[in-house]
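Peer 1: 3D model of this:
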Amino acid sequence: AQWEINCYTVTVYHQYENGTEYDATQSFEKCFNETYETSPSTKDSTYYGAVTSGEPSGTITDSDVSVIYTYRKRDALITVYHLDENGNTLAPKEEIPVSFDDAYNILPNSELIQFYNYTADVPTTGTISGDVVITFTYTKKEFTLTVNHQYEDGTKYDESTTDTYLYLDQYTATPSTKDN
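Peer 2: Residues are numbered from 1 along each chain as shown. The predicted structure is shown next:
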């Protein structure tokens, strides 16, 4: 009597979530008790494949093996920092999950822009092709302080004084020295 070793087919399917083909099906033969290993396609780095059916690796026993990799768009992350000119944090870091090929338009912190001018270190609009890190750097705006010297009835007592300050700077308004 002659013994024959049985061989089987390992078939690897690559499909999108909707079941359509993502990449060509791969088939190869392995015989009883041989090990096999499969891996996801590297066709497009904006997608990642996860096994949704079958074992991606193993040992052949007594039947054909089917493995299905299902491909989804890889997610990306936009990280936004809000710093002053010395690198101090002015607002919490934002992390915005997005998908590849999405358009984005990141705006500065709406509460900060009333008191600060800002610049961004990279473009704040575009199309996602990977993770994006945007740092907004804020500089204090100048404000004008005018002190009017007047009588209780609102008529002018002395000339007004005007000074310019940066946001959050301390200032002192002093009374008129006229007629001391």
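Peer 1: quick one: low-confidence parts of the chain?
Peer 2: 1, 180 (pLDDT under 70).
Peer 1: just so I have it, where are all the strands in it?
Peer 2: Using DSSP state E, the strands of the chain run over 7-16, 21-31, 35-37, 47-53, 57-59, 65-73, 75-84, 89-99, 103-105, 116-120, 125-127, 132-140, 142-150, 156-166.
Peer 1: Kindly state the beta-bridge partners for the residue nearest to residue 116 when sequence neighbours are not counted.
Peer 2: The spatial neighbour of residue 116 that comes closest, neighbours along the chain excluded (CB to CB, 6 or more residues apart in numbering), is residue 138 at 3.7 Å. Bear in mind the C-beta positions are built from the backbone N, C-alpha and C, glycine included. For residue 138, the beta-bridge partners are residue 84, residue 118 (DSSP bridges).
Peer 1: OK, contacts around residue 138?
Peer 2: 82-85, 90, 108, 112, 116-118 (CB atoms under 8 Å, 6 or more residues apart in numbering).
Peer 1: Name the surrounding residues that touch stretch 5-13.
Peer 2: Residues contacting stretch 5-13 (CB under 8 Å, 6+ apart): 21, 25-32, 36, 38, 60, 62-69.
Peer 1: Could you report the distance from the residue nearest to residue 116 to residue 105?
Peer 2: The gap separating residue 138 from residue 105 is 19 Å, by CB to CB, to the nearest Å.
Peer 1: Adding distance to residue 176, write the strands of the chain out as JSON lines.
Peer 2: Shown next, in JSON lines, are those (distance: least, CB to CB, whole Å):
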{"stretch": "strand 7-16", "distance to residue 176": "78"}
{"stretch": "strand 21-31", "distance to residue 176": "80"}
{"stretch": "strand 35-37", "distance to residue 176": "88"}
{"stretch": "strand 47-53", "distance to residue 176": "72"}
{"stretch": "strand 57-59", "distance to residue 176": "87"}
{"stretch": "strand 65-73", "distance to residue 176": "69"}
{"stretch": "strand 75-84", "distance to residue 176": "36"}
{"stretch": "strand 89-99", "distance to residue 176": "37"}
{"stretch": "strand 103-105", "distance to residue 176": "51"}
{"stretch": "strand 116-120", "distance to residue 176": "33"}
{"stretch": "strand 125-127", "distance to residue 176": "52"}
{"stretch": "strand 132-140", "distance to residue 176": "29"}
{"stretch": "strand 142-150", "distance to residue 176": "4"}
{"stretch": "strand 156-166", "distance to residue 176": "4"}
